[in-house]
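Undergrad: Quick one, structure for this:
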Amino acid sequence: MYSDKRNILQLVALLKAHEIKNMVICPGGWNAPIVHTLAQLPDFTCYPITDERSAGFFALGLSQHGGNPTAVCCTSGSALLNIYPAVAEAFYQQIPLIIISADKGAALINQNEEQTIPQTNVFGNMVKCAVTLPEIQNDEDEWYCNRLINEAILETVHHGKGPVHINVPISEPIYRFGTKLLPEVRVITRYQGLSLYERDYNLLIDRLNAYQKRMVIVGQMNLIYLFEKKYVKALYKHFAWLSEELSNQTTPGIPIYNFDSAIYAMSPEQQNAMTPELVITYGGHIVSSQLKKFLRKHKPKEHWHISQDGNIMDTFGCLTTVIEMNPFEFLEKIAFLLDNRINNYPLMWENYCKTIPEPVFEYSEMGVIGKLLKSLPTPCTLHLANSSTVRYAQMFRLDTKVEVLCNRGVNAMEGILSTAIGYAVSSDKPNFVIIGDMSFFTDMNALWNQHIKSNLRILLINNEGSEQLHNLPGMEDAELSRALVCGKHHTSAKAWAEDRGFDYIKITNYDDMEAALPDFISENIQHPMIIEAWTDKVSDTTMLRKYFHTLKDSKQNNNQ
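TA: As a prediction, this is how the structure comes out:
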């Protein structure tokens with residue numbers, strides 16, 4: 001019988017799955033549930049060593065001999081500090097060690113509770129990875145706990161070997177051993193570089209070919225990559241390719257862009273039918289909240305993430321494989337190794353998404369953004385601010401010659417205008433910025449700059465506060481709270497823009513916009529330019545909700 005603590009069960013099951021064989025055990029009361037569970041399994045060889053300092057070096061010797069990670073487990077408090085000398089030695093010798101420390105619950109730390117010290121990150125930069133597991137209360141805790149353990153174990157041999165620390169909080173009651181079986185756990189595997197990748201090549205391709213419903217999702221990529229025609233033909237038919245405007249031109253063939261609206265309009269039955277078995281991702285952030293919700297609810301059997309840094313990126317909560325290499329190199333490598341069979345899954349996605357029309361809005365934030373996107377000259381660079389601006393832009397199709405940039409790393413509103421101006425200074429192309437009033441006024445000192453060129457054009461959407469925050473659920477009848485949350489204001493950019501030498505135009509309807517656009521997109525004007533589009537956030541959000549409800553109703557009626 002094993003411990004009833006779910007974080008301990010996840011830990012032990014993953015140590016077994018990752019084939020960590022040697023366990024050095026230090027005596028103690030608080031780590032007893034971990035030790036008891038480890039001792040029940042013949043997969044582990046347990047070495048009892050009383051003195052923690054000696055135990056750490058003993059484990060170091062075991063790892064030195066075989067080159068594989070050894071785990072050393074101790075109780076809470078200063079016992080952990082005694083392992084520090086061995087940890088430092090392992091770090092500088094690049095020897096893989098897994099330090100497992102039992103800990104008291106967070107509420108007891110620094111409260112005169114016996115055998116407690118702050119154990120999180122106690123080894124500082126002497127370990128390659130340090131995690132403190134959650135005490136599992138729900139499915140999200142379990143997913144998080146599983147990911148942390150996988151990440152720590154994998155890091156022992158990632159970009160050189162070394163020690164890691166797994167801290168395990170355990171709250172009373174701790175001596176309950178009623179669990180008969182270890183849980184089925186998700187094991188994340190990392191393939192590092194081409195040489196190791198080659199050794200498991202056939203196994204990986206066999207897994208890939210075993211799936212019929214395969215999807216590739218491309219996140220933000222600040223580059224253009226043009227596949228050779230031979231790869232386009234070989235790759236495109238095997239996957240449903242989903243991409244956003246921020247991904248730029250980084251897929252073979254023409255991907256699906258309007259999947260966010262398409263997923264919203266799907267019935268539960270359609271979502272089940274269109275759930276992929278395998279998802280492959282590359283690139284950075286994904287804007288679509290609908291896609292994230294869809295794949296977190298309808299989890300694929302596997303998720304592979306391809307990146308050159310090899311980091312664990314478990315966006316949908318079902319990551320199984322990390323492939324540490326250039327994603328384009330990976331795709332070109334597998335192109336001619338895929339089974340040449342008829343696959344209707346990509347066509348299912350393509351045909352469904354073709355039935356989703358591009359939206360047409362009355363004058364609004366969405367409508368103004370859409371009209372500008374359809375009017376952009378090519379080639380040019382488009383800079384999108386965060387929040388509603390970048391989300392609404394995904395509703396409209398852009399020419400592939402438009403380069404799209406956005407500060408999605410943190411998805412914050414500060415610095416967006418400054419970044420765009422810095423880019424435009426070094427660019428010979430027209431640079432267009434679409435930005436909301438909150439982002440603009442937060443970064444308005446960006447215009448206090450002596451280097452601004454005439455190739456800069458700013459479309460400022462001013463609805464006197466954050467439209468996205470205005471639309472948060474639960475505040476419909478709380479006007480004061482809503483005003484505070486969304487940053488309500490009555491500010492115009494006109495005086496500041498004109499003082500800084502910008503040509504300024506105010507618009508309040510489509511007629512105004514049609515009159516302003518020719519100069520705004522022209523390469524012949526002598527000054528940078530700002531269009532301030534005034535819209536009403538209440539009307540905008542009502543219009544947007546109506547669009548999505550109408551879209552969903554029409555799709556459901558067509559399917560009946």
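Undergrad: gap between His298 and Asp260?
TA: Distance, His298 to Asp260, using Cβ to Cβ, to the nearest Å: 15 Å. The way it works is simple: take the backbone N, C-alpha and C, and place the C-beta from them, glycine included.
Undergrad: for Asn462, same thing?
TA: 25 Å.
Undergrad: do Leu544 as well
TA: To Asp260, Leu544 is 13 Å away according to Cβ to Cβ.
Undergrad: Also Gly56?
TA: Applying Cβ to Cβ, the value for Gly56 to Asp260 is 51 Å.
Undergrad: And the two? Which one has more around it.
TA: Gly56 (27 against 20; other Cβ atoms under 10 Å).
Undergrad: Leaving out the residues flanking it, which one is nearest to the more buried one?
TA: Nearest in space to Gly56, with sequence neighbours left out and distances taken as Cβ to Cβ, 6 or more residues apart in numbering, is Ala86 at 2.8 Å.
Undergrad: That neighbour is in contact with Gly61, isn't it?
TA: No: Ala86 is beyond contact range of Gly61, at 9.6 Å (criterion: Cβ atoms under 8 Å).
Undergrad: Which one of the two is surrounded by more residues?
TA: Set side by side, Ala86 and Gly61 show more neighbours around Ala86, with 25 against 12, by other Cβ under 10 Å.
Undergrad: May I have the residues that are in contact with that one?
TA: Taking Cβ atoms under 8 Å, 6 or more residues apart in numbering, we find Ala86 in contact with 53, 55-57, 59-60, 72, 97.
Undergrad: Just the element for it, please.
TA: helix 84-93 (DSSP states H and E).
Undergrad: which is the next helix or strand following that helix?
TA: strand 97-103.
Undergrad: for the record, mean pLDDT for the next helix or strand after that next one?
TA: Counting by DSSP H and E, the next helix or strand C-terminal to strand 97-103 is strand 129-132. For strand 129-132, mean pLDDT rounds to 98.
Undergrad: got the angle for the next helix or strand after strand 129-132 vs strand 97-103?
TA: Following strand 129-132 in sequence order, the next helix or strand is helix 139-155 (DSSP H and E). Interaxial angle, helix 139-155 versus strand 97-103 (axes from the mean of the first three to the mean of the last three Cα atoms, to 10 degrees): 150 degrees.
Undergrad: Give me the average confidence score over helix 139-155.
TA: 97.
Undergrad: Would you mind measuring the gap between the ends of stretch 41-48?
TA: The first and final residues of stretch 41-48 sit 15 Å from each other (Cα to Cα, to the nearest Å).
Undergrad: go on, stretch 355-367?
TA: End-to-end distance for stretch 355-367, by Cα to Cα: 21 Å.
Undergrad: if we look at it, which residues are touching it?
TA: Identification of contacts with stretch 355-367 by Cβ under 8 Å, 6+ apart yields 258, 261-262, 265, 370, 388-389, 392, 395-397, 436, 461, 463, 467, 508-510, 533, 535-537, 539-540, 543-544, 547, 551, 555, 558.
Undergrad: Among the residues you listed, which lie within strands?
TA: 436, 461, 533 (DSSP state E).
Undergrad: Turn those residues into TSV, including pLDDT and neighbour count.
TA: Formatted as TSV, the ones in strands among the contacts of stretch 355-367 follow (pLDDT from 0 to 100; neighbours: other Cβ atoms under 10 Å):
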residue	pLDDT	neighbour count
Gly436	92	27
Ile461	95	28
Ala533	96	27
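Undergrad: For Ile280, what is the enclosing helix or strand?
TA: In the assignment (DSSP H and E), Ile280 maps to strand 278-282.
Undergrad: What pairs with that strand, parallel or antiparallel?
TA: Take DSSP bridges as the rule and strand 278-282 pairs in its sheet with strand 214-218 (parallel), strand 302-307 (parallel).
Undergrad: From the chain's centroid, how far away is the longest one?
TA: Put plainly, it is strand 302-307. Chain-centre distance of strand 302-307: 12 Å, with Cα atoms, centre = their mean, to the nearest Å.
Undergrad: Who are the packing partners of the next helix or strand after it?
TA: Once strand 302-307 ends, the next helix or strand along the chain (criterion: DSSP H and E) is strand 319-324. Contacts defined by 3 or more Cβ pairs under 8 Å, 6 or more residues apart in numbering; DSSP states H and E place strand 319-324 against strand 189-192, strand 302-307.
Undergrad: switch to 10 Å and redo it
TA: Where contact means 3 or more Cβ pairs under 10 Å, 6 or more residues apart in numbering; DSSP states H and E, strand 319-324 is packed against helix 139-155, strand 189-192, helix 193-199, helix 201-210, strand 278-282, strand 302-307.
Undergrad: Ile149 is in contact with Val131, isn't it?
TA: Yes: judged on Cβ atoms under 10 Å, Ile149 makes contact with Val131 at a distance of 7.3 Å.
Undergrad: Give the intersection of the neighbour lists for the two.
TA: Shared contacts of Ile149 and Val131 (Cβ atoms under 10 Å, 6 or more residues apart in numbering): 166, 168.
Undergrad: Look at the two and report which has more neighbours.
TA: Ile149 (27 against 22).
Undergrad: so who does the nearest residue to the more buried one once chain neighbours are set aside touch?
TA: Sequence neighbours aside, Leu14 is the residue nearest to Ile149 in space, at 4.7 Å (criterion: Cβ to Cβ, 6+ apart). Applying Cβ under 10 Å, 6+ apart to Leu14 gives the contacts 20, 145-146, 148-150, 152-153, 166, 182-183, 185-188.
Undergrad: let's see it at 7 Å
TA: Contacts for Leu14 (Cβ atoms under 7 Å, 6 or more residues apart in numbering) come out as 149-150, 153, 185, 187.
Undergrad: For it, give its distance to Asn7.
TA: Distance, Leu14 to Asn7, by Cβ to Cβ: 11 Å.
Undergrad: Common neighbours of those two, please.
TA: Common neighbours of Leu14 and Asn7, using Cβ under 7 Å, 6+ apart, do not exist here.
Undergrad: pLDDT below threshold where in the chain?
TA: 193-201, 465-487, 557-560 (pLDDT under 70).
Undergrad: Scan it for its longest helix.
TA: Secondary structure of the chain per DSSP state H: the longest helix is helix 537-558.
Undergrad: residues of it that come out buried?
TA: 537, 540-541, 543-544, 547, 551, 555 (16 or more other Cβ atoms under 10 Å).
Undergrad: cool, stretch 160-174 as well?
TA: Buried residues in stretch 160-174, defined by neighbour count with 16+ other Cβ under 10 Å: 161-170, 174.
Undergrad: Stretch 378-396: end-to-end distance?
TA: Taking Cα to Cα, stretch 378-396 runs 16 Å from one end to the other.
Undergrad: Please read the previous query as pertaining to stretch 269-285.
TA: Taking Cα to Cα, the first and last residues of stretch 269-285 lie 28 Å apart.
Undergrad: which residues touch that stretch?
TA: With Cβ under 7 Å, 6+ apart as the test, stretch 269-285 has contacts from 211-221, 247, 250, 266, 294-295, 298, 300-307, 315-316, 327, 348-349, 408.
Undergrad: quick one: buried residues of it?
TA: Across stretch 269-285, burial judged by 16+ other Cβ under 10 Å covers 270, 274-276, 278-284.
Undergrad: Could you do stretch 9-28 as well?
TA: 9-18, 20, 22-28.
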